[in-house]
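Enquirer: Model the following, please.
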Amino acid sequence: MGNNRLENRSRIVAALAVALALLIGMAFFARDLWLNELHTPPPKSGIGPKRTPAASTEPGVGALQVIDRVSVKISARDGGVIEAPGGIGRVSIPPGALAADTEVGIVRFAVHDERDLSGTAIDLLPDGLSLNSPVELSMPLPPGIDPEWAEIAVYDPIDESWSAEIDQGPDPESGRLIARLSHFSLRRVRIRPGMNYPYDPTRGRATFYLESDAGNNFERYFEGRWEPVARRSETYRELMKMGRVRRHDLISAGRLRAVTGGRPRPEIFEDRRRSAAMPSGVPEARSGWVRVTRLDAEGNTTGEQVVVRVNDYGPGAAPRRAGVVIDLSRSAMEALGLTWGEDFGLGSDNPDLAWVRINDQSTGRPLRHLPVRVEAYDPQPSRSDSRRSW
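Expert: Predicted structure coming up:
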């Protein structure tokens, strides 16, 4: 009897010991959980995994600095116009585009990116405004910038990247870019991706231009004096039908002359001049002169070089898309060791088409364009402390 009591008591004590041990273990486990929760940072807001931003070297919202802002109350029934200071952006809202009378605003930001043409981005407010019909945004192009180079870009906050506005195009009358918008957000004018701008000498190739080409202005000798040939006149259309060779014949005969587009001021083209045309904004051409060195296909110098005067804008749209960044006159091409009619000239079947037909000196491979290196040149070096070149 007594032995049974002692045995039962021992079992109870053992059970209590096990229960106490379990309670102590649970207490320590709960403490660890509490400590971990205390020192763990709170989760980020948002549902689902965070999207990885698309790779981009263009400025994000964090790099933009506010310049100023303007706002105006627009009537839903009548529509209206709001314009940013300096005319950098103008929004025309047609009647019925807004669901209700709305306070519409434009915020200007400074953009520190070399591909941005105006140095300014604009944000249309309120963000995400619902529109019943598209509104029109117009943004200006800086002087000398070809509309084919530029586009209005819109910022995507999800991908943190810029993309071209889908419905846009140049206005030939105002010289501005026009985009039709379906929503309000951040936008800017930029150089189209893939264009060689600002000028990159490592991508540059040279072709040539005849100094009586159709891209120039013309003057004809009529009744003892020179008079401009208007672009929309019948005389100008007849000149265009002639082709480059016949226009050049008229120039040689003293009946016609070609005039540059005004860089730095209009001047008469002459075959004997060593001149060039380059895009607007090229830093190497700031002094009005550049040194051009002929290269082989591997990028090594051949020792042939020429200093030319930059007196016009060019090349045309098609050569620019092919990577050509400078047009050289016939005299300049000959100074680089090329022979007219053998190494370069005009097509016999198409006199408006220029050609370069040479083989690389080191490899013997044919070249479509003449590889060159373009360097800044100051005709008065005493006034310049440094020279930028590539």
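Enquirer: for the stretch 1-150 of the chain, which spans come out with low pLDDT?
Expert: 1-9, 13, 18, 23-62, 113-118, 143-144, 146, 148 (pLDDT under 70).
Enquirer: what are the ranges of the helices in it?
Expert: 2-39 (DSSP state H, counting those that start in this stretch).
Enquirer: where along it do the strands fall?
Expert: 65-74, 80-83, 90-93, 102-110, 116-125, 135-140, 150-156 (DSSP state E, counting those that start in this stretch).
Enquirer: For the fifth one, name the packing helices and strands.
Expert: Meaning strand 116-125. strand 102-110, strand 135-140, strand 186-191 (3 or more CB pairs under 8 Å, 6 or more residues apart in numbering; DSSP states H and E). In short, each C-beta sits where N, CA and C put it, glycine included.
Enquirer: got CSV for those strands, with distance to Ser280 too?
Expert: Shown next, in CSV, are these (distance: least, CB to CB, whole Å):
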stretch, distance to Ser280
strand 102-110, 22
strand 135-140, 14
strand 186-191, 11
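Enquirer: so which of these is the most packed in?
Expert: Greatest average neighbour count among the helices and strands packed on strand 116-125 goes to strand 186-191 (a mean of 23), per mean count of other CB atoms under 10 Å.
Enquirer: Just checking the distance from that strand to the centre of its chain.
Expert: 9 Å (CA atoms, centre = their mean, to the nearest Å).
Enquirer: Please work out how many residues are found near Leu177.
Expert: 21 (other CB atoms under 10 Å).
Enquirer: Assign it to helix, strand or coil.
Expert: strand (DSSP: H, G, I helix; E, B strand; the rest coil).
Enquirer: Which residues does it form beta bridges with?
Expert: Met139, Pro170 (DSSP bridges).
Enquirer: From His183, how far off is it?
Expert: Distance of Leu177 to His183, computed by CB to CB, to the nearest Å: 18 Å.
Enquirer: got the residue ranges for the helices in the stretch 151-300 of the chain?
Expert: 234-242, 244-252.
Enquirer: and the angle for the last one with helix 234-242?
Expert: In other words, helix 244-252. 120 degrees (axes from the mean of the first three to the mean of the last three CA atoms, to 10 degrees).
Enquirer: next one: helix 244-252 to chain centre, how far?
Expert: With CA atoms, centre = their mean, you get 37 Å for helix 244-252.
Enquirer: Poorly predicted segments of the stretch 251-390 of the chain, please.
Expert: Checking the stretch 251-390 of the chain against pLDDT under 70 turns up 261-265, 271, 318, 321-323, 347-353, 360-362, 381-390.
Enquirer: rerun at 90
Expert: 251-288, 295-303, 309-331, 338-376, 378-390 (pLDDT under 90).
Enquirer: Strands of that one, residue ranges please.
Expert: Applying DSSP E, counting those that start in this stretch to the stretch 251-390 of the chain gives strands spanning 256-259, 275-278, 289-295, 301-313, 324-328, 344-346, 354-356, 358-359, 366-367, 370-376.
Enquirer: want to throw the ones you listed into TSV with distance to Gly96?
Expert: Shown next, in TSV, are those (distance: least, CB to CB, whole Å):
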stretch	distance to Gly96
strand 256-259	50
strand 275-278	48
strand 289-295	55
strand 301-313	43
strand 324-328	48
strand 344-346	57
strand 354-356	53
strand 358-359	63
strand 366-367	59
strand 370-376	54
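Enquirer: List just the one of those that sits closest to Ala335.
Expert: Proximity to Ala335 (CB to CB) singles out strand 301-313 among the strands of the stretch 251-390 of the chain, at 3.9 Å.
Enquirer: relative orientation of the closest one and strand 370-376 in degrees?
Expert: 70 degrees.
Enquirer: Format the strands of the stretch 1-150 of the chain as CSV; extra columns: distance to Arg11.
Expert: Putting the strands of the stretch 1-150 of the chain into CSV (distance: least, CB to CB, whole Å) gives the following:
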stretch, distance to Arg11
strand 65-74, 79
strand 80-83, 88
strand 90-93, 87
strand 102-110, 80
strand 116-125, 79
strand 135-140, 86
strand 150-156, 72
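Enquirer: Tell me who's in contact with Pro228.
Expert: 217-219 (CB atoms under 8 Å, 6 or more residues apart in numbering).
Enquirer: For Gln305, which of the strands of the stretch 1-150 of the chain is the nearest?
Expert: Between these, strand 116-125 lies closest to Gln305; by CB to CB that is 32.1 Å.
Enquirer: Can you give the distance from that closest one to the centre of its chain?
Expert: 14 Å.
Enquirer: what's the answer for stretch 312-328, then?
Expert: For stretch 312-328, the distance to the chain centre is 16 Å (CA atoms, centre = their mean).
Enquirer: Then stretch 75-92?
Expert: 26 Å.
Enquirer: Need the distance between the two termini of it.
Expert: One end of stretch 75-92 to the other measures 12 Å (CA to CA, to the nearest Å).
Enquirer: Any buried residues in it, and which?
Expert: 76, 79-80, 82, 84, 88-91 (16 or more other CB atoms under 10 Å).
Enquirer: ok, now stretch 247-263?
Expert: By 16+ other CB under 10 Å, the buried positions in stretch 247-263 come out as 247-248, 250-251, 256-260, 263.
Enquirer: what's the spacing between Val72 and Phe218?
Expert: Taking CB to CB, one finds Val72 at 47 Å from Phe218.
Enquirer: out of the two, which sits in the busier spot?
Expert: Neighbour count, other CB under 10 Å: between Val72 and Phe218, Phe218 has more, with 21 against 14.
Enquirer: Skipping adjacent residues, who's closest to that one in space?
Expert: Closest residue in space to Phe218, ignoring its immediate chain neighbours: Val229 at 4.4 Å, by CB to CB, 6 or more residues apart in numbering.
Enquirer: where does that neighbour fall, phi/psi-wise?
Expert: phi -100, psi 110 (degrees, to the nearest 10).
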